[in-house]
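K.L.:
Kindly return the folded structure for what I paste below:
(2 chains)
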Number of protein chains: 2
Amino acid sequence: MNRANDTHGTVRLFVDEPLAAGLMCTLTDAQSHYVGTVMRRRPGDHVFVFNGRDGEWHGEVTAGAKRSVTLRITTQTQPQTITCPIALLFAPLKRARNDLLVEKATELGVTRLQPVLMQHAVATRVNAPRMRATAIEAAEQAHRLDIPVIDPPRSLAETLQLWDPSGILVVCDTPQRATCPPLAQCLTTAPGVTGLMIGPEGGFAAAERDALAACPFVRQAHLGPRILRAETAAIAALAVWQSVCGNGAVG
Amino acid sequence: MNRANDTHGTVRLFVDEPLAAGLMCTLTDAQSHYVGTVMRRRPGDHVFVFNGRDGEWHGEVTAGAKRSVTLRITTQTQPQTITCPIALLFAPLKRARNDLLVEKATELGVTRLQPVLMQHAVATRVNAPRMRATAIEAAEQAHRLDIPVIDPPRSLAETLQLWDPSGILVVCDTPQRATCPPLAQCLTTAPGVTGLMIGPEGGFAAAERDALAACPFVRQAHLGPRILRAETAAIAALAVWQSVCGNGAVG
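P.N.:
Got it, this is the predicted structure:
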């Protein structure tokens, strides 16, 4: 785990256990190493923990083995908020750029990462555990209270079939910019957007464009005059969505 | 040079020489290797070249040594456009994240990269030749016709003193979000924005916030409810600017 950039010095961990005052929470080996050895927290020190359901809590390091740290959950520091739902649909990328996409999308508030198999994609598989670990680390650093859902890769046809048509899916397709608005304008005029789709490095295939255009819940937008790498397009689209559609947290 | 992701297979090179029909242009050793060995272009094949002043041109590979490729400039493929001026002011980051910032900012149309020395920054120096090489490569891939200017690092005081006060500088400072609008809203209501400033990983110091607040040309905005890494904030700010303020190219 590369947490070296957390210059604030706070320790904030995602745990998959219930959180309430008085409960005990045993950290994983990697988390224990991070808390005890890297960040040198000692019995009596506090760290922050969250599980995506119960808000954020203070956990007090209890006496015990350095290799297996146990926390006593004390006080809630933040109630759980509901993150405004926004899915990112993207063709899997090669390792480093896929990591980057997951990290930045999580920072920017994505709630669902949906890999879609497309004809001109540079990768056909995803490493789901790696994506989840990257998302967890990004959420810990970004002070999020939840972790995005990571879907298995699906074909475009299946993805569109499974889409809840009550939400708008905006397809960001820069080469079509003569015929569609910039994303900021599209988001202002199309309320109820619940998904953003980015094309693969090699661009959408004609058949994919046709399939998307045939869906009543699809809108098209562009991301400016330059050719963006796929991960840049994903980050840019979420940044615009977040800034235009509010603060990304409801409730 | 990592150009392996240019899946379109086009060769597009920045050259620092005049471009006009009939002129000859000798590539650098690295460019020659890329054109002749990596991309296997042979005499008679065409590549694209641009220099930031004369638009984009077709260059025909001439017979000659593989290690030193010379192009004959033939026809203009795009006239020069003037990129809408937008400066990114940022505290220098550590190597990999600084590279990422430069790459993505260039893709998103930044015209000037201004490193600013700030109290809570994680780095105090920049590698200017490395930044320029990264920006050139990103511009080549993004089908830009120009390269951003890269300024030397300056103190915040000097940066503000040198700022052309006829342009608005928007400072993106997420912890202040109770008192300032989201960036998209700020850009809609403040015309004439020519710069975006991002804080260091450790956040702005109080004295830095005071110095910025005292400038008549400064506006404040926020980038949403989560804590963004510095390079994410820079990318997000430019993405929002590009989408809200038009297509990023004028003339």
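K.L.:
Is the most centrally placed residue in chain A in a helix, a strand, or coil?
P.N.:
What sits nearest the mean C-alpha location of chain A, by CA atoms, centre = their mean, is A:T106, with 2.9 Å. Using DSSP: H, G, I helix; E, B strand; the rest coil, the structure places A:T106 in helix.
K.L.:
Who are the contact partners of the nearest residue to it once chain neighbours are set aside?
P.N.:
Of all residues not flanking A:T106 in the chain, A:A138 sits nearest, at 3.7 Å (CB to CB, 6 or more residues apart in numbering or on different chains). Bear in mind the C-beta positions are built from the backbone N, C-alpha and C, glycine included. Residues in contact with A:A138 (CB atoms under 8 Å, 6 or more residues apart in numbering or on different chains) are A:102-104, A:106-107, A:144.
K.L.:
One more: A:A121?
P.N.:
Contacts for A:A121 (CB under 8 Å, 6+ apart) come out as A:91-92, A:200-202.
K.L.:
Can you give me the pLDDT of it?
P.N.:
Note for A:A121: predicted pLDDT of 87.
K.L.:
Repeat that for A:V250.
P.N.:
In this model, A:V250 carries a pLDDT of 40.
K.L.:
Identify each buried residue in the helix or strand containing the residue nearest to A:T106, please.
P.N.:
Assigned by DSSP states H and E, A:A138 belongs to helix A:128-142. Going by neighbour count (16 or more other CB atoms under 10 Å in any protein chain shown), the buried part of helix A:128-142 is A:131-132, A:134-142.
K.L.:
and which of those is nearest to chain B?
P.N.:
Nearest to chain B among the buried residues of helix A:128-142: A:A142, at 4.3 Å, using CB to the nearest CB.
K.L.:
Next one: that closest one from B:I235, what distance?
P.N.:
Going from A:A142 to B:I235 by CB to CB, to the nearest Å gives 14 Å.
K.L.:
what does A:R219 give?
P.N.:
In this view, A:R219 and B:I235 are 23 Å apart by CB to CB.
K.L.:
of these two, who's got more company?
P.N.:
B:I235 (27 against 18; other CB atoms under 10 Å in any protein chain shown).
K.L.:
just to revisit the earlier point, out of the buried residues of helix A:128-142, which one sits closest to A:R41?
P.N.:
A:E140 (14.7 Å; CB to CB).
K.L.:
Could you check how many residues crowd around the closest residue to the closest one other than its chain neighbours?
P.N.:
Of all residues not flanking A:E140 in the chain, A:R12 sits nearest, at 4.8 Å (CB to CB, 6+ apart). Counted with other CB under 10 Å, the neighbours of A:R12 add up to 20.
K.L.:
quick one: contacts for A:R12?
P.N.:
Contacts of A:R12 (CB under 8 Å, 6+ apart): A:47-50, A:56, A:140-141, A:143.
K.L.:
Quick one: name the residues of the stretch 101-250 of chain A near chain B.
P.N.:
A:104, A:107-109, A:120, A:122, A:141-144, A:177, A:182-185, A:201-202, A:223-229, A:232, A:235-237, A:239-240, A:242-244, A:246-249 (CB under 8 Å from any CB of the partner chain).
K.L.:
Please pick the buried ones from those residues.
P.N.:
For these, a burial check counting by 16+ other CB under 10 Å picks out A:104, A:107-109, A:122, A:141-144, A:177, A:182-184, A:201-202, A:223-229, A:232, A:235-237, A:239-240, A:242-244, A:247-249.
K.L.:
In helices only, show me these.
P.N.:
A:104, A:107, A:141-142, A:183-184, A:232, A:235-237, A:239-240, A:242-244 (DSSP state H).
K.L.:
Now do the strands in the stretch 1-150 of chain A.
P.N.:
Assigned by DSSP state E, counting those that start in this stretch, the stretch 1-150 of chain A shows strands spanning A:12-14, A:24-26, A:46-50, A:56-61, A:70-78, A:82-83, A:87-90, A:112-117, A:149-150.
K.L.:
Any idea which of those strands has the lowest pLDDT on average?
P.N.:
Among these, strand A:82-83 scores lowest, with a mean of 82.
K.L.:
For it, name the packing helices and strands.
P.N.:
Judged by 3 or more CB pairs under 8 Å, 6 or more residues apart in numbering or on different chains; DSSP states H and E, strand A:82-83 is in contact with strand A:249-250.
K.L.:
can you give me the strands in the stretch 151-251 of chain A?
P.N.:
A:154-155, A:168-172, A:193-198, A:218-221, A:249-250.
K.L.:
Mean neighbour count, these: which tops it?
P.N.:
With neighbours taken as mean count of other CB atoms under 10 Å in any protein chain shown, the strands of the stretch 151-251 of chain A reach their highest mean count in strand A:193-198, at a mean of 24.
K.L.:
Which strands border it, and is each parallel or antiparallel?
P.N.:
Here strand A:193-198 has these sheet partners by DSSP bridges: strand A:87-90 (parallel), strand A:168-172 (parallel).
K.L.:
next one: that strand to chain centre, how far?
P.N.:
Here strand A:193-198 is found 13 Å from its chain centre; the criterion is CA atoms, centre = their mean, to the nearest Å.
K.L.:
could you check the angle strand A:112-117 makes with it?
P.N.:
With axes from the mean of the first three to the mean of the last three CA atoms, to 10 degrees defining the directions, strand A:193-198 sits at 40 degrees from strand A:112-117.
K.L.:
ok, residues contacting strand A:193-198?
P.N.:
Residues outside strand A:193-198 that contact it (CB under 8 Å, 6+ apart) are A:85-91, A:114, A:116, A:163-164, A:167-172, A:187, A:212, A:219, A:230, A:233-234, A:237-238, A:241, A:245.
K.L.:
still on that earlier bit, worst average pLDDT in the strands of the stretch 151-251 of chain A?
P.N.:
When I compare the strands of the stretch 151-251 of chain A, strand A:249-250 is least confident, with a mean of 42.
K.L.:
Average pLDDT for stretch A:131-144, rounded please.
P.N.:
Across stretch A:131-144, pLDDT averages out at 95.
K.L.:
domain parsing for chain A?
P.N.:
A:12-78, A:82-250 (automatic domain parsing).
K.L.:
Figure out which of these is closest to B:L23.
P.N.:
Closest among the domains of chain A, using CB to CB: domain A:82-250, at 26.3 Å.
K.L.:
Kindly format the C-alpha coordinates of the helix holding A:A138 as PDB.
P.N.:
Written as PDB, here are the backbone C-alpha positions of helix A:128-142 (Å, rounded to 0.1, in the frame of the first residue of the first chain):
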ATOM      1  CA  ALA A 128     -11.300  -6.800  -9.700                       C
ATOM      2  CA  PRO A 129      -9.500  -7.300  -6.300                       C
ATOM      3  CA  ARG A 130      -6.800  -4.800  -7.400                       C
ATOM      4  CA  MET A 131      -9.500  -2.300  -8.500                       C
ATOM      5  CA  ARG A 132     -11.200  -2.700  -5.100                       C
ATOM      6  CA  ALA A 133      -8.000  -2.200  -3.200                       C
ATOM      7  CA  THR A 134      -7.200   0.900  -5.200                       C
ATOM      8  CA  ALA A 135     -10.700   2.300  -4.600                       C
ATOM      9  CA  ILE A 136     -10.500   1.600  -0.900                       C
ATOM     10  CA  GLU A 137      -7.200   3.400  -0.600                       C
ATOM     11  CA  ALA A 138      -8.500   6.400  -2.600                       C
ATOM     12  CA  ALA A 139     -11.600   6.600  -0.500                       C
ATOM     13  CA  GLU A 140      -9.600   6.500   2.700                       C
ATOM     14  CA  GLN A 141      -7.500   9.400   1.500                       C
ATOM     15  CA  ALA A 142     -10.400  11.400   0.000                       C
END
